[in-house]
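Chemist: The following block contains a protein sequence and its predicted model.
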Amino acid sequence: MTDLSLGVTGSLLHAGRRVMIGPDGVVIGRGEGADVVIALERVSREHARVTSEADGFYVEDLESRNGTFLNGERLEDGARLLASGDTITIGGEALRFLGGESTRMASRQLPIVGTQLVQFTGERLTIGRDPSNDVVLPDPNVSRFHAEAVERDGVVELTDLASRNGTRLDGELVEEKAVLSPGSQIGIGPFRLVFDGTTFLARDDHGALRLDAEELTIDVRDKRILSGATLSIEPGEFVAIIGESGAGKSTLIKALAGVTAPSSGRVLVSGEPVATRLTDIGYVPQDEIVHGLLDVTEALTYAARLRLPQDASAEEIAATIDRVLEELSLQEHAHTRIGALSGGQRKRTGVAAELLSRPSLLFLDEPTTGLDPGLESRLMALLRKLADNSRAVAVVTHATKNLALCDKVVVMGRGGHLAFHGRPGDALTFFGVDTYDAIYSALEEGGAEHWRERFDAARVERTHAGTPVDAPPDARRPKDERRVLPQVRVLAHRYVRLLARDRRNLALLLGQVPVLALAMVGLFNSGLFRHPGGEPSNGLQLLFLLVTTVIWLGSIDASRELIKEKSLFLREAAVGTRLSSYLIAKAVVLFGLAAIQTLALTAIVSVFQPLHEPVGTYLAVAAILVLTSLVAVGMGLTVSALVESQDQATSFIPLVLIPQLLFAGSIVSVKSMGEPVQTLSNLVFSRWSFAGTGSAVDLNRRIAQDPSFARFNKYGTDFFTLSMATTCLILAVFLAVFFTAVAVLLRRHLRR
């Protein structure tokens, strides 16, 4: 690859045609006299002009009805300087500008964006992070071998090589292959490559991304919580979102970050749908997204393995972690446990996890909540520094004393109304107040709708009338090509480490098993299963206690495991962690824990109350009880996915355990139940586990050999007749149903 050197020449690529820009410039419009004709009703007769000046090429809107857009930004204030690879959008048609040297992308002064040119000979041209590629794009969001272009039968094909974050072509994600034509723009991470038919112009837009939100509206059920918000965030800006409680601030920032999809309206990142640019966005929610039991380096290592391409080496991951630690001044805390950090340091660790992928847009929801004034000021100063380092930063906050650090302030009123968007000083003038705190009083006194109407009226006076061009409907997110097993290994390893670190909880989970086992055997005389002379009635009760105890253990193990990590799961899912990987990792670790508990419980009880049966019988009982505990884990995870807090999970568990106790067929036999309850008992898996374990030890035979008990046998001769295979099949069906329910519930959380 060589440095671009095109002198003062410039051209526009449109519909496969190259138009050179001469001394008189180029007029774009619908009229026949235009140099570039776009025959669409949305295009004015003379819509825009590109001119050649001594210091470069400029584009200006000619007071068109529907506006001219440069890299997604509507032109409003005169001519704008063009850089090689820029996209001019008119009436939904894209024109690519080639020529000149790279320059600024916005009114804010930014570092020059690198531009390079590579010749395309028609042979295979590879693109990726690895130095062996023809086009090397050094960024953590780019896979080692990301994409390739090759000419076949006169057609140039672009192929995505199962990359981690996908390849975009003219703002749309490439499924596998796509055809290139002159003027096509390829997007890979923060890079743009414009193809003119013979060369690729590669441009690094890192730190130069602009976000535009147009008429964002979000409805939840019948309530509107965000009402037609329109705003923009330019590269390098530090933006604060303030406003009344319940005004939709968090809702707005989630929509801007692409975490939630609006009911109507659109969010564009440099002219492309936000859903296709999620790797360029960092989002830190209100809740902490790092585990307190890990140290800073451990937490960032796990985050990097989940967020960065799976072909990232250990050296690359370590270098990335060192970079973010230095950027956030966390080097001295690299090996400090997160739970021992101060509130501000924990917030910085959460930000560090988001900066691993070098996002150009960073959003934070209430990062100053719970911090004292000193920590709050230091955190806001840090965010100002991050914005100055070629990164746009937007933060939701209730604090106002540090708003002077911001370039813009967004003021939200109740009902999700955007009441103001502009410079902090202009906000004071607009609301007619002397302090930022007084803005809240003005909102309450005047009403959010009043201030929104005033702001909209003022904005209309500054802009041309017109209808913005619609974005492509239902923009797709990058296809997740990550393999499940590598993610499972990372997630399971992290989960095991967290369990081991929480020694008190682990001791409780494992230590309760012998206590419960000894309590059970202490209820009965020895020799319950001895033949002859055993006590089948008490043996039945002991088997029932075993079943209900393993259900208790499995469900308690899992009931809080999803809800306590809800914020972390939602964020990791948004950046590429697959739902299947997350569930499998949870299941593997919890299944292992439940199996250990069950086997220990069964072994202790068997020592004091032997079955007096062959070894195969012991193994059959243990297998049924282990499978029962796994089903209980599934039930516990279902509860955890259903509730909204850990307290709710604790309260909900008895509601699912009591039916397992009442309808298992021990306290009241199924034979003695009324018809509706008998049907209900079929949906309680403890019944099938109880029947299966009883069948395994041949309780029907034991009952028949005890004449006094057989005379009043309330179970009948059909209850303990389940075969081992049938018992396992039924329990497996319950397990599948629970995990299907968990997946459905988690997917519902992801769509919110």
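Modeler: Sure thing, it's come through.

Chemist: dump the residue contacts of residue 727.
Modeler: 624, 688-689, 691-692, 695-696 (C-beta atoms under 8 Å, 6 or more residues apart in numbering). Bear in mind the C-beta positions are built from the backbone N, C-alpha and C, glycine included.

Chemist: now swap in residue 714 and tell me
Modeler: Contacts of residue 714 by C-beta under 8 Å, 6+ apart are 669, 671-672.

Chemist: what do you get for residue 312?
Modeler: So residue 312 contacts 140, 144, 304-305, 320 (C-beta under 8 Å, 6+ apart).

Chemist: In JSON lines: the residues you listed, plus pLDDT and secondary structure.
Modeler: Listed next are the contacts of residue 312 as JSON lines, based on pLDDT from 0 to 100; DSSP: H, G, I helix; E, B strand; the rest coil:
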{"residue": "140", "pLDDT": "84", "secondary structure": "coil"}
{"residue": "144", "pLDDT": "89", "secondary structure": "coil"}
{"residue": "304", "pLDDT": "93", "secondary structure": "helix"}
{"residue": "305", "pLDDT": "92", "secondary structure": "helix"}
{"residue": "320", "pLDDT": "93", "secondary structure": "helix"}
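
Chemist: Residues touching stretch 322-331, excluding its own?
Modeler: 296-297, 300, 334, 345, 348-349, 351-352, 355-356, 382, 386, 389.

Chemist: May I ask which of those comes out lowest in pLDDT?
Modeler: Within the set of these, pLDDT is lowest for residue 389 (79).

Chemist: got the contact list for that one?
Modeler: Contacts of residue 389 (C-beta under 8 Å, 6+ apart): 207, 327.

Chemist: Help me confirm that residue 535 comes into contact with residue 526.
Modeler: No - using C-beta atoms under 8 Å, residue 535 is not in contact with residue 526, being 10.1 Å away.

Chemist: Compare the two (neighbour count), which wins?
Modeler: Neighbours per residue (other C-beta atoms under 10 Å) separate residue 535 from residue 526, with residue 535 holding more: 18 against 10.

Chemist: Which residue, other than its chain neighbours, is closest to the residue nearest the centre of the chain?
Modeler: When C-alpha atoms, centre = their mean is applied to the chain, the residue found nearest the centroid is residue 574 (1.8 Å). The spatial neighbour of residue 574 that comes closest, neighbours along the chain excluded (C-beta to C-beta, 6 or more residues apart in numbering), is residue 259 at 5.9 Å.

Chemist: same thing with residue 371?
Modeler: Using C-beta to C-beta, 6+ apart and skipping residues adjacent in sequence, the residue nearest residue 371 is residue 343, 5.2 Å away.

Chemist: quick one: that neighbour from residue 372, how far?
Modeler: Residue 343 sits at a distance of 8 Å from residue 372 (criterion: C-beta to C-beta, to the nearest Å).

Chemist: of these two, who's got more company?
Modeler: Taking neighbours as other C-beta under 10 Å, residue 343 and residue 372 compare with residue 343 leading, 17 against 11.

Chemist: buried set for the longest helix seen in the chain?
Modeler: Ordering each helix of the chain by length in residues (DSSP state H) puts helix 579-608 first. By 16 or more other C-beta atoms under 10 Å, the buried positions in helix 579-608 come out as 579, 581-591, 593-595, 597-599, 601-602, 604-606.

Chemist: now stretch 731-745
Modeler: Applying a neighbour-count criterion of 16+ other C-beta under 10 Å, the buried positions in stretch 731-745 are 731, 734-735, 737-739, 741-743, 745.

Chemist: hang on, the earlier thing: for the longest helix of the chain, packing partners?
Modeler: Contacts defined by 3 or more C-beta pairs under 8 Å, 6 or more residues apart in numbering; DSSP states H and E place helix 579-608 against helix 484-501, helix 503-522, helix 536-558, helix 566-574, helix 615-642, helix 724-751.

Chemist: now it: mean pLDDT?
Modeler: Helix 579-608 comes out at a mean pLDDT of 96.

Chemist: so that helix versus helix 536-558, what angle?
Modeler: 150 degrees (axes from the mean of the first three to the mean of the last three C-alpha atoms, to 10 degrees).

Chemist: any idea of the angle helix 579-608 forms with helix 724-751?
Modeler: 140 degrees.

Chemist: and helix 579-608 with helix 503-522, angle?
Modeler: Using the same axes, to 10 degrees: helix 579-608 against helix 503-522 is 40 degrees.

Chemist: first to last residue in stretch 64-77, what's the distance?
Modeler: Chord length of stretch 64-77, first to last residue, is 13 Å (C-alpha to C-alpha, to the nearest Å).

Chemist: hmm, back to that, drop anything exposed from the contacts of residue 714.
Modeler: So, by 16+ other C-beta under 10 Å, the buried ones in those are residue 669.

Chemist: Give me the mean pLDDT for stretch 638-658.
Modeler: On average, stretch 638-658 scores 92.

Chemist: who's in contact with that stretch?
Modeler: Contacts of stretch 638-658 (C-beta under 8 Å, 6+ apart): 548, 551-552, 555-556, 558-564, 635-636, 738, 741-742, 745-746, 749.

Chemist: For residue 240, identify the helix or strand it belongs to.
Modeler: Per DSSP states H and E: residue 240 is located in strand 238-243.

Chemist: how far does the next helix or strand along the chain from that strand sit from the chain's center?
Modeler: Following strand 238-243 in sequence order, the next helix or strand is helix 249-256 (DSSP H and E). Distance, stretch centre to chain centre, for helix 249-256: 14 Å (C-alpha atoms, centre = their mean, to the nearest Å).

Chemist: and if you look at stretch 189-208?
Modeler: Counting by C-alpha atoms, centre = their mean, stretch 189-208 comes out at 27 Å from the chain centroid.

Chemist: for it, which positions count as buried?
Modeler: The neighbour-count check on stretch 189-208 (16+ other C-beta under 10 Å) flags 189-196, 200-208 as buried.

Chemist: Would you agree residue 622 is in contact with residue 600?
Modeler: No - Residue 622 lies out of contact with residue 600 (C-beta under 8 Å); the separation is 10.7 Å.

Chemist: what stretches of this structure score poorly on pLDDT?
Modeler: The chain contains residues with pLDDT under 70 at 1-8, 100-115, 460-482, 532-534, 710, 751-752.

Chemist: quick one on the thing from earlier: just flag the most distant two among the contacts of residue 727.
Modeler: Maximum pairwise distance among the contacts of residue 727 (C-beta to C-beta): 12.4 Å, between 688 and 696.

Chemist: Now do residue 677: how many residues are near it, please.
Modeler: If we define neighbours as other C-beta under 10 Å, then residue 677 has 13 of them.
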